[in-house]
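Q: no letters, just coordinates:
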């Protein structure tokens, strides 16, 4: 070649070392010889270029020298290849050009892929990993273009197979998954998964599914399910089947597992999600029914030596002076006694003993007034939580009381005792059916005491329907539907009872999308009077409908159309509830944007109205007809506006509900909440603390704690009330010292404000929930699974918090007990093959995200070693510290069965010999 060298090239060559200059001259000579007419010389030159490129080395930030030196010759070589008449070395030439094409600055040319398709050489690993990544990127782009033009992609499929095989064989599983996700061929990854790489593939796909739209997320999880079942990893398969929420897959996993011991572990997982599958084995059914949960929990508290009941003074941490002042003042207000009732129930939940109710409940009951007695009697159910055998006998005495509130509390208590526990005897159904459907009683003579016991009032029916909702949550039983429908369709019952029946129906059929249940609640809405539609209890009816459709996404479109017939503002409230519940935990960005747009639109409308009122005022002042609006009228106008915009409060909680399933979504929602606090209208600001509570449930984040502490002193009492309750939810079961200190300071600050003080006490009770052994978080199994029943219970309390004065601070305080549906021990208990406790060493530390990392990195950091049983806080993970046992659960959480490691024992025997 006789081209003159430019000044720039001369300077470049001067900077080259002698070795690099020699390499450059050699490559230029080879580039000329490639264009030779002699096919043998051409072949030798191409082989030489290939060998030089293959053996070259370079840093991560620079182009390999052979490619850099050949870059100016690429267009010449490309033109020569296109004009070649003798294609004897065409495949090798095309393969070399495919590698050189990586230096082409035009990304749309996709010449690396073009020349690879022209070449018949199927070996793609020749040019190294960077070439594979470049080729994968071009293939994905070409795939999209061809699919858009509806052209065939058969040749691309062949290259895809080669790329996936290479990536899977070279520990580049994420690259293989990304390529298959982009080309929509994810099922191709299944045959390439084995014992060595399946965990990396599945962990990556599970993480990726969180950011994929519907239905791609479910399809990705289905591929993960196929990988696990292909390798007979039954516990992992079941976790994914539960995540997909497909009962057929769940039953399939259970039936496919042949190992009895593994089936027992599956039953523990099913019991945690309150799912029952068909089995004839009584032992497995007993595990699924959570029959021994109370026994296992008592094993934990015995080991931690927490059996001794605590007094409210110890919980509030009152000093000697404060205690004496309290005695001198003889404070015995019904409000504070009610607060003490709740605090005692939360702190001793599941313990079976306390200082006020178990020993002599009658005396304490009568220190509460009217509706307070209902919550006081019901508190016994939380103390005796999960203890079905002894608990029901202890509440029976209250069923014979002459006070309707005490009877109602006793009925509610029976439901709490059976939360999450199923029994063949069906004691709650047998008890409650007599009160809700008296016409169905068998005709037999009853003594006066029994007749008095069954003299049913609306308050007792309220307690009864809540008990059914708690005891049979997630069961979707038809006989429960029939009982609740009797109450819902009764025109003589107050709206309070009907609303609670609708909420209970939502809990029983949570996430099922049962059209019959939705239609029943819709029909009830249509028949309500205007006055009833403005009642605060409407929120529970709306939530009941939302829970039935929890997580169903697009399937609610027809129901939303039917909701439009409900008069506003109730119709807006129901629609927002339905839409936010349908997308719970999905992280759907479009829905989040839609809700934010609705909130902003109302804010803009408010600004316009303010400007119009100001203009009208100035006009009247000029005309001399202006009269200042009275404070009372202004207050009424504001309250009316707030009532019309109350659905925005649901939208704020909905934002948290949609985005709380993964860390990035939660972080983004926390930022949005700060914006809403600054610029939002009253209904929006009042819901923000509750939304923060939902985002950080049982997870005391420092930034959230400080925000709530600031809001607890807000001028708007509704915001302060919500912030105080949210502090309790954020710290629930954590015994967090910072929150404890803040609540004690608030107790002093609000000593003369009974409503504020009541909520401070409630939050203190939640903070020490189960003396630090229980948690409220709806997520479990390393945060992978969402318990829909727990979400329902939490939402019932949050919706109550949107109108605190009428609900929790009024006569509907018993709604706080819905939290029992979300309460579960935050423990790891290891058991042997006979389900007897094993004491073994476990490491507990902060969980580390190892998705996409090479090798086998540590999954926890900053760990400490303890003997099981141990407590697991939010974001903590456990792993066995000994090789003596093999866990049958992929996640060490809850009840885990350990199997003896025979390989370890054999090695130990050989060492001894």
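A: Received it, and whenever you're ready, just let me know what you need. Just so you know, these numbers come straight off a predicted model, no measurement behind them.

Q: tell me the buried residues in the top helix by length along the chain?
A: Identified as the longest helix of the chain according to DSSP state H is helix 589-623. Buried residues in helix 589-623, counted by 16 or more other C-beta atoms under 10 Å: 591, 592, 595, 596, 599, 602, 603. Heads up, the C-betas are built off the backbone N, CA and C, glycines and all.

Q: report the two of these separated the most.
A: Using C-beta to C-beta, the buried residues of helix 589-623 span at most 19.1 Å, a distance reached by 591 and 603.

Q: before we move on, back to that, report all helices and strands that the longest helix of the chain contacts.
A: The helices and strands touching helix 589-623, judged by 3 or more C-beta pairs under 8 Å, 6 or more residues apart in numbering; DSSP states H and E, are helix 570-582, helix 647-659, helix 663-679.

Q: out of these, flag the one nearest residue 458.
A: Going by C-beta to C-beta, the one of those nearest residue 458 is helix 570-582, 21.8 Å.

Q: gap between the closest one and the chain center?
A: In terms of C-alpha atoms, centre = their mean, to the nearest Å, the centre of helix 570-582 is found 20 Å from the chain centre.

Q: now for it, which elements pack on it?
A: Packing contacts for helix 570-582, counted by 3+ C-beta pairs under 8 Å, 6+ apart, involve helix 538-548, helix 557-563, helix 589-623, helix 647-659.

Q: related to what we said a few turns ago, after the longest helix of the chain, which helix or strand is next?
A: Counting by DSSP states H and E, the next helix or strand C-terminal to helix 589-623 is helix 631-644.

Q: which other residues reach that next one?
A: Outside helix 631-644, the residues within contact range by C-beta atoms under 8 Å, 6 or more residues apart in numbering are 534, 568, 569, 629, 681, 682, 683.

Q: swap in stretch 387-402?
A: 291, 294, 350, 352, 358, 361, 365, 377, 380-381, 384-385, 406-407, 409-411, 413-414, 417-418, 421, 423, 427, 431, 449, 452-453.

Q: among those, which ones are buried?
A: Buried subset of those (neighbour count, 16+ other C-beta under 10 Å): 291, 294, 350, 352, 358, 361, 365, 377, 380-381, 384-385, 406-407, 409-411, 413-414, 417-418, 421, 423, 427, 431, 453.

Q: taking those one by one, which sit in helices?
A: Those of those lying in helices (DSSP H): 294, 361, 365, 377, 380-381, 406-407, 409-411, 413-414, 417, 427, 431, 453.

Q: which phi and psi does the residue lying closest to residue 152 once chain neighbours are set aside have?
A: Residue nearest to residue 152 in three dimensions, not counting chain neighbours: residue 146, with 7.4 Å by C-beta to C-beta, 6 or more residues apart in numbering. Note on residue 146: backbone dihedrals following degrees, to the nearest 10 are phi -70, psi -40.

Q: and residue 146, what does it touch?
A: For residue 146, the contact set (C-beta under 8 Å, 6+ apart) comprises 152, 153, 156.

Q: that one and residue 182: what is the separation?
A: 13 Å (C-beta to C-beta, to the nearest Å).

Q: same question for residue 316.
A: According to C-beta to C-beta, residue 316 and residue 182 sit 58 Å apart.

Q: related to what we said a few turns ago, least reliable of the helices and strands packed on helix 570-582 by average pLDDT, please.
A: Per-stretch mean pLDDT for the helices and strands packed on helix 570-582 is lowest at helix 589-623 (a mean of 78).

Q: give me the three-state assignment for the spatially most central residue of the chain.
A: Nearest to the mean C-alpha position of the chain, counting by C-alpha atoms, centre = their mean, stands residue 661 at 3.6 Å. With DSSP: H, G, I helix; E, B strand; the rest coil as the basis, residue 661 sits in coil.

Q: I'd assumed residue 585 was in contact with it.
A: Yes - look at residue 661 against residue 585 with C-beta atoms under 8 Å: they come within range, at 3.9 Å.

Q: which residues do those two both contact?
A: residue 786.

Q: I'd like to know how many residues surround residue 834.
A: Residues near residue 834, counting by other C-beta atoms under 10 Å, number 7.

Q: just the pLDDT for it.
A: For residue 834, the pLDDT comes out at 89.

Q: quick one: it from residue 898, how far?
A: For residue 834 relative to residue 898 (C-beta to C-beta), the value is 11 Å.

Q: for residue 859, same thing?
A: From residue 859 to residue 898 the distance is 18 Å (C-beta to C-beta).

Q: who has more neighbours, these two?
A: residue 898 (22 against 16).

Q: please enumerate the strands of the stretch 701-850 of the chain.
A: Under the criterion DSSP state E, counting those that start in this stretch, strands of the stretch 701-850 of the chain are mapped to 774-775, 779-780, 785-786, 824-825, 827-831, 841-847.

Q: switch those strands over to TSV; also include distance to residue 461, mean neighbour count and mean pLDDT.
A: Shown next, in TSV, are these (distance: least, C-beta to C-beta, whole Å; neighbours: other C-beta atoms under 10 Å; pLDDT from 0 to 100):
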stretch	distance to residue 461	mean neighbour count	mean pLDDT
strand 774-775	30	26	94
strand 779-780	33	20	92
strand 785-786	32	20	92
strand 824-825	29	24	94
strand 827-831	37	22	93
strand 841-847	46	18	92
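
Q: ok, which of those strands comes nearest residue 512?
A: Per C-beta to C-beta, nearest to residue 512 of the strands of the stretch 701-850 of the chain: strand 785-786, 15.2 Å.

Q: contacting residues around that closest one?
A: Contacts for strand 785-786 (C-beta under 8 Å, 6+ apart): 239, 242, 243, 273, 584, 585, 661, 778, 779.

Q: 7 Å instead?
A: With contact meaning C-beta atoms under 7 Å, 6 or more residues apart in numbering, strand 785-786 is reached by 239, 242, 243, 273, 585, 661, 778, 779.

Q: for residue 333, which residues are in contact?
A: residue 754.

Q: wait, residue 177 touches residue 204, no?
A: Yes - shown here, residue 177 and residue 204 form a contact pair, counting by C-beta atoms under 7 Å, at 5.3 Å.

Q: quick one, which of these two is more surrounded?
A: It is residue 177, of residue 177 and residue 204, that has more neighbours when counted by other C-beta under 10 Å, with 24 against 20.

Q: got the contact list for that one?
A: Taking C-beta under 7 Å, 6+ apart, one finds 189, 201, 204, 205, 208 in contact with residue 177.

Q: equivalent analysis for residue 111, please.
A: Here residue 111 is in contact with 101, 104 (C-beta under 7 Å, 6+ apart).

Q: then residue 535?
A: For residue 535, the contact set (C-beta under 7 Å, 6+ apart) comprises residue 495.

Q: could you report the distance from it to residue 150?
A: Applying C-beta to C-beta to residue 535 and residue 150 gives a distance of 57 Å.

Q: let's test this: mean pLDDT of the host helix or strand of residue 28, rounded?
A: Using DSSP H and E, residue 28 sits within helix 18-33. Mean per-residue pLDDT for helix 18-33: 84.

Q: from the chain's centroid, how far away is that helix?
A: Helix 18-33 has its C-alpha centroid displaced from the chain centroid by 60 Å (C-alpha atoms, centre = their mean).
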